[in-house]
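Novice: sequence? don't have it. structure:
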């Protein structure tokens, strides 16, 4: 019999599911929650919402713990890395709040456009000042959606009912998919001055943090409205306040903030802002779906099923022998994604000498490595293929019998943005992942840390110039790997440098200004997606 500890309030329908499965369920009171680490050692699963912080220390106390269920989508309160290290599966409910978040986006948009909160406060104060509340219609306006995933697409559907023109910016969306959905796909900097309304629907990751910078907020259309029901940290709040004060923007609807609850209330108290306390998922219907979806995933995971919405995966489906191959595939996908630096149309995974039981998992691992750099917390080994299909990314897996010099070899080829990136990797000593090929060059390095990849002319002195330039910028080189075609000096060579710190934009510009350097790209293999 499974023992499940529920540390935050959960809808009764979810608790009933747990009990009806035959599990022993204990619900912590507010007074008991501080004793979580004392109680957890006797339980197989922990179900939390946002109140409980599942730290490394909490996970270490879970001697029997196999699953953490997050009743919601965000896992900011869970140390996912520590859970993965301990082989604890983290499951969540990423689809349960799609409708509620979509509808709340329009609740905020309409409230800002028509000044509803101010009008409500005015009439409740005994006033009748109709001239003061002249709003804006949505009909005929252009809605710009940043992040065209599941919520962004639902927002687009509802915007059409208001007869709005819809454009979207999503560097990871196939233009053919956007065309099929009748949405014009634009570069973000092209979209901002064109849209009357900007709404954000992208996860918070290293790639999206501060995506609406001060410069981009200043580039927004005069009189535009901004709505954020996605994640705090996506925009520069100080710059937004300045744009509201100056009159550049008509208003903003905000459900999320970089600090929650916010301690600096200047923005939320502004007369042009409609603010809510992160309630995008706070509907009765969504809460029931969240409880049901989370509890279903927890029970399935406890029963050993991998058909769950997992944020991480302990690789038990392939056993310990398969784990290094999945790790290799994910690293190659992440490296290819970082090198491509743009949209993805297709992914091909070539497998030489990989046993059949590992082939599909390795391909999915490579796809996840490609996707999670851009899409962050919503990507896992279960939903990666579906998300790729939804975004029009073609995924092809090819198997081969012989890898030549290597008994087992994995190749990842990424196509998109008018270019193609191809990397190959192998396991050394059955557990040490190495890159052994890059776009026709043969070289060997570990895909870890901060990597500076350069194409340069195969002429004397190039390495010295690069080292000198990085040294003058106080960027230390950990190791360097070189490859050449063996042809004429005018042909390109390849260099991969592992750096102790990431070069500044100015340093990268100086590198590219060297006449011998044709191309350079930094890939942080440790950065989260």
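Specialist: Good, I have the coordinates. Source: prediction; values computed, not measured.
Novice: so where do the helices sit in the stretch 1-150 of the chain?
Specialist: Using DSSP state H, counting those that start in this stretch, the helices of the stretch 1-150 of the chain run over residues 12-20, 36-39, 56-61, 80-85, 98-114, 116-124, 150-161.
Novice: mind showing which ranges of this protein have poor pLDDT?
Specialist: 304-307, 313-320, 376-383, 403, 486-490, 527-529 (pLDDT under 70).
Novice: show the subsequent helix or strand relative to the longest strand along it.
Specialist: Longest strand in the chain, counting residues (DSSP state E): strand 419-428. Counting by DSSP states H and E, the element after strand 419-428 in chain order, helix or strand, is strand 432-438.
Novice: for that next one, enumerate the helices and strands it packs against.
Specialist: helix 319-340, strand 419-428, strand 441-445, strand 492-499 (3 or more C-beta pairs under 8 Å, 6 or more residues apart in numbering; DSSP states H and E). C-betas here are computed from N, CA, C, even on glycine.
Novice: and the contacts of the shortest one?
Specialist: This means strand 441-445. By C-beta atoms under 8 Å, 6 or more residues apart in numbering, the residues outside strand 441-445 that reach it are 434-437, 451, 479, 481-485, 494, 496, 498.
Novice: top of these by number of neighbours, please.
Specialist: The residue in the contacts of strand 441-445 with the most neighbours, by other C-beta atoms under 10 Å, is residue 451 (23 neighbours).
Novice: now stretch 74-89: how far from the chain's centre is it?
Specialist: Chain-centre distance of stretch 74-89: 16 Å, with C-alpha atoms, centre = their mean, to the nearest Å.
Novice: show residues contacting that stretch.
Specialist: Stretch 74-89 is contacted by residues 48, 50, 52-56, 59-60, 62, 65-68, 70, 90, 92, 231, 301, 308, 310-314, 316, 377 when judged by C-beta under 8 Å, 6+ apart.
Novice: same check on stretch 176-190?
Specialist: So stretch 176-190 is contacted by 144-146, 148, 153, 156, 166-171, 173, 175, 194, 211, 216, 219, 390-392 (C-beta under 8 Å, 6+ apart).
Novice: if we go to 10 Å?
Specialist: Under the contact criterion C-beta atoms under 10 Å, 6 or more residues apart in numbering, stretch 176-190 has outside partners 142-146, 148, 152-153, 156-157, 159-160, 165-171, 173-175, 191-192, 194-195, 198, 211-212, 215-216, 219, 343, 345, 389-393.
Novice: need the contact list for residue 346.
Specialist: With C-beta under 10 Å, 6+ apart, residue 346 has these contacts: 174, 388, 392-396, 413-416, 420.
Novice: picking up where we left off before, can you flag which of the contacts of stretch 74-89 belong to strands?
Specialist: Applying DSSP E to the contacts of stretch 74-89, the entries found in strands are 48, 67-68, 70, 90.
Novice: and the furthest pair within the residues you listed?
Specialist: For those, the maximum inter-member distance is 11.3 Å, found between 48 and 67 (C-beta to C-beta).
Novice: care to break this structure down by domain?
Specialist: In terms of domains, the chain is parsed into 1-94+281-314, 98-275, 319-447, 449-529 (source: automatic domain parsing).
Novice: just to revisit the earlier point, so which of the helices of the stretch 1-150 of the chain gets nearest residue 254?
Specialist: Of all the helices of the stretch 1-150 of the chain, helix 98-114 sits nearest to residue 254, with 7.5 Å by C-beta to C-beta.
Novice: burial of residue 186, as a residue count?
Specialist: 17.
Novice: I misspoke; the intended subject was residue 267.
Specialist: A count of nearby residues for residue 267, using other C-beta under 10 Å, gives 19.
Novice: residues in contact with it?
Specialist: By C-beta under 10 Å, 6+ apart, the contact list for residue 267 reads 237-238, 240-241, 244, 252, 254, 257-258, 273, 275.
Novice: so which of the residues you listed is the most crowded?
Specialist: Comparing the contacts of residue 267 on neighbour count, residue 252 comes out first with 26 neighbours (neighbours: other C-beta under 10 Å).
Novice: partner strands of the helix or strand hosting that residue and their direction?
Specialist: Remark: residue 252 resides in strand 249-254, with elements defined by DSSP H and E. Strand 249-254 pairs in its sheet with strand 224-228 (parallel), strand 273-275 (parallel), by DSSP bridges.
Novice: of these, which is nearest residue 31?
Specialist: Nearest of the strands paired with strand 249-254 to residue 31, taken as C-beta to C-beta: strand 273-275 at 32.0 Å.
Novice: so what touches stretch 507-519?
Specialist: The contact list for stretch 507-519, computed with C-beta under 10 Å, 6+ apart, reads 339, 452-463, 465-466, 469-470, 472-475, 492-495, 502-504, 520-522.
Novice: determine how far the last residue of that stretch lies from the first.
Specialist: One end of stretch 507-519 sits 14 Å from the other (C-alpha to C-alpha, to the nearest Å).
Novice: rewinding a little: turn the helices and strands packed on strand 432-438 into TSV, including distance to residue 185.
Specialist: Below are the helices and strands packed on strand 432-438 laid out as TSV (distance: least, C-beta to C-beta, whole Å):
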stretch	distance to residue 185
helix 319-340	17
strand 419-428	18
strand 441-445	33
strand 492-499	32
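Novice: how many other residues sit next to the residue nearest to residue 166 when sequence neighbours are not counted?
Specialist: Spatial nearest neighbour of residue 166, excluding adjacent residues (C-beta to C-beta, 6 or more residues apart in numbering): residue 156 at 4.6 Å. Using other C-beta under 10 Å, the number of residues around residue 156 comes to 23.
Novice: give the contact list for residue 156.
Specialist: Residues in contact with residue 156 (C-beta under 10 Å, 6+ apart) are 102, 143, 145, 148, 164, 166-168, 178, 181-183, 199, 201.
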